[in-house]
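Trainee: I'd like to go over a predicted model; first the sequence, then the structure.
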Amino acid sequence: MTNRQDKHSKWEKEVFSGFLNVYKRQYGIALAGEVIFGDAPDIQLKIDQKKIGIEITQGFPDSMEQKGSDLKSTDISQRDFGYYLYETLKGTIGFDDFELDIEFSRIQLIKRQYQALAQQCLNELQRSGALARLKSGEPVNVENLGQLPDQIDQLNFTTPSLLKGYVHSGGRALSPFSDKELTPILIKKHAKLKEYKSCDEYWLLIHINSSMPDAFRNTDIRLPIQTLFTRVYLYWDKSEIIPLKD
């Protein structure tokens, strides 16, 4: 498997790599071939004589996906920093089976500061003993008493064993990924299909990061779905693939 383009999003590469692993585990089939990262579609996968165009997108709850994809800059920076902090902590803890809920202050997040802010969070988690408690599976709540970055009021962690009835601090119960979320994604991607490079098949991969605040926990999709894509998969980060059209 080769990659001819190094400028593509690190996130999309990581998502696709995880998808390939889960696909092989779940279906017993290795999607082995030449991989070309680019745009329109995000990925071209060449297997034997077949060229598959794969578009990757993210599935967000309404609280994060405001007015379609037109998120406010504050929401975008909070979302992106949340991903960055989660990945940083995951690498330190050594497992990804935890939920992260961040309560932000009104102070603006700046992308070039993400690394320093994440390190400051990690330092406080280690200093306070919260990191050790999280590793043992305990719920952890860390308030900002002057040690966390000014942009963060509180960090809240829990693990799947404690998720029954779990509601985020904003009061929103965890909801399923439904037609309400799927329909605008399909409308948006269908409009761009005519601009895609020529392929034999087109797949749509909708990624759900279950570690994020307000993440979805299951699905409520009416099948069969109406789509121009050859296949549509809902990909729960590193755990499960749900075929919506296969």
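Mentor: That came through fine.
Trainee: how deep is Ala118 tucked in, by neighbour count?
Mentor: 19 (other CB atoms under 10 Å). Every residue, glycine included, has its C-beta placed from N, CA and C.
Trainee: which secondary structure element contains the residue lying closest to it once chain neighbours are set aside?
Mentor: With CB to CB, 6 or more residues apart in numbering as the criterion, Ala118 has its nearest non-adjacent residue at 4.3 Å, and that residue is Thr88. Taking DSSP states H and E as the criterion, Thr88 maps to helix 73-93.
Trainee: Give me the helices and strands touching that helix, please.
Mentor: Counting contacts by 3 or more CB pairs under 8 Å, 6 or more residues apart in numbering; DSSP states H and E, helix 73-93 packs against strand 99-104, helix 114-128, helix 130-135.
Trainee: okay, these, which one's buried deepest?
Mentor: Neighbour counts (mean count of other CB atoms under 10 Å) averaged over each of the helices and strands packed on helix 73-93 peak at strand 99-104, with a mean of 19.
Trainee: what are the ranges of the strands in this protein?
Mentor: Using DSSP state E, the strands assigned to the chain run over residues 34-37, 43-47, 50-58, 99-104, 140-143, 152-158, 177-178, 201-208, 219-220, 231-236, 240-245.
Trainee: how does this structure divide into domains?
Mentor: As given by automatic domain parsing, the domain ranges for the chain are 10-61+176-245, 73-162.
Trainee: Format those domains as CSV; extra columns: mean pLDDT.
Mentor: Below are these laid out as CSV (pLDDT from 0 to 100):
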stretch, mean pLDDT
domain 10-61+176-245, 89
domain 73-162, 83
